[in-house]
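K.L.:
sharing a sequence plus its predicted fold:
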Amino acid sequence: MVMAGAGTAGAVPEYTDPNLATTLRCDTPNPWGGPRIPIHVDVFNQIPFPADGLPGPAISLIGSSRAQPSPLLDYTVETRVTWRNLATGRTGTVTVPSRARVITWQADLHPGRGPVAFTIRQKVGLMAFVPMVAAQNSTCSGRATA
């Protein structure tokens, strides 16, 4: 039973789910020298409350190798996303560093309303006494509407 009145709290309404626009494949060469690492990038659009705390609407890109954690070393990743709002011509760049036992990152874009083209550049290396050993680069592109 939930009661409302002086000195009681009510539940905060849930935010609407963001829209999963698409999932891209942005595979990267393996810094260990093995087969390419599959990277899945989930593209969410029309996010009213993005994780970076800036006002929406935003496009959120969440990349992950969806793999078992590395038993030995951390991956270090520098992800750079350049974008262009095709309706307004507005452009921007977001750079996100990350370090974990799996390849994972998130970038929030704030291009204003309209169709947006973006390019993702990933630099993936190993953390072994220095931040980026055996760095490998990859690039992919996509589109979404903010």
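P.N.:
Looks like it arrived, so ask away. The structure presented is a predicted model; accordingly, all values stated were derived computationally and were not measured. Residues are numbered from 1 along each chain as shown.
K.L.:
what comes into contact with stretch 40-52?
P.N.:
15-16, 18-26, 56-66, 106, 108, 110, 120, 140, 142, 144-146 (CB atoms under 8 Å, 6 or more residues apart in numbering). Just so you know, the C-beta spots here come from the backbone N, C-alpha and C atoms, and that holds for glycine as well.
K.L.:
list buried residues within those.
P.N.:
For the contacts of stretch 40-52, a neighbour count by 16 or more other CB atoms under 10 Å gives the buried set as 18, 21, 24, 26, 57-65, 106, 108, 110, 120, 140, 142, 144-146.
K.L.:
return the subset of the residues you listed lying in helices.
P.N.:
Using DSSP state H, no member of those falls within helices.
K.L.:
which stretches of this structure have low pLDDT?
P.N.:
Counting by pLDDT under 70, the chain has low-confidence residues at 1-18.
K.L.:
ranges for the helices of it?
P.N.:
Applying DSSP H to the chain gives no helices.
K.L.:
show me where it has strands.
P.N.:
19-25, 40-47, 58-64, 74-85, 91-100, 104-109, 115-127, 133-145 (DSSP state E).
K.L.:
partner strands of the fourth one, parallel or antiparallel?
P.N.:
The strands that strand 74-85 pairs with in its sheet are strand 91-100 (antiparallel), strand 115-127 (antiparallel) (by DSSP bridges).
K.L.:
just give me how far it sits from the chain centre.
P.N.:
Counting by CA atoms, centre = their mean, to the nearest Å, strand 74-85 is centred 8 Å from the centre of its parent chain.
K.L.:
and if you look at the last one?
P.N.:
Per CA atoms, centre = their mean, the displacement of strand 133-145 from the mean C-alpha position of its chain is 11 Å.
K.L.:
now the fifth one
P.N.:
With CA atoms, centre = their mean as the basis, strand 91-100 stands 8 Å off its chain's centre.
K.L.:
now that strand - C-alpha only, CSV.
P.N.:
What follows is strand 91-100, C-alpha atoms only, in CSV (Å, rounded to 0.1, in the frame of the first residue of the first chain):
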residue,chain,number,x,y,z
THR,A,91,29.5,19.4,-36.9
GLY,A,92,31.4,18.1,-33.9
THR,A,93,33.7,15.6,-32.4
VAL,A,94,33.5,13.5,-29.2
THR,A,95,36.6,11.7,-27.9
VAL,A,96,36.2,9.0,-25.2
PRO,A,97,39.1,7.2,-23.5
SER,A,98,38.4,3.9,-21.7
ARG,A,99,40.2,1.1,-20.1
ALA,A,100,38.7,-2.3,-19.1
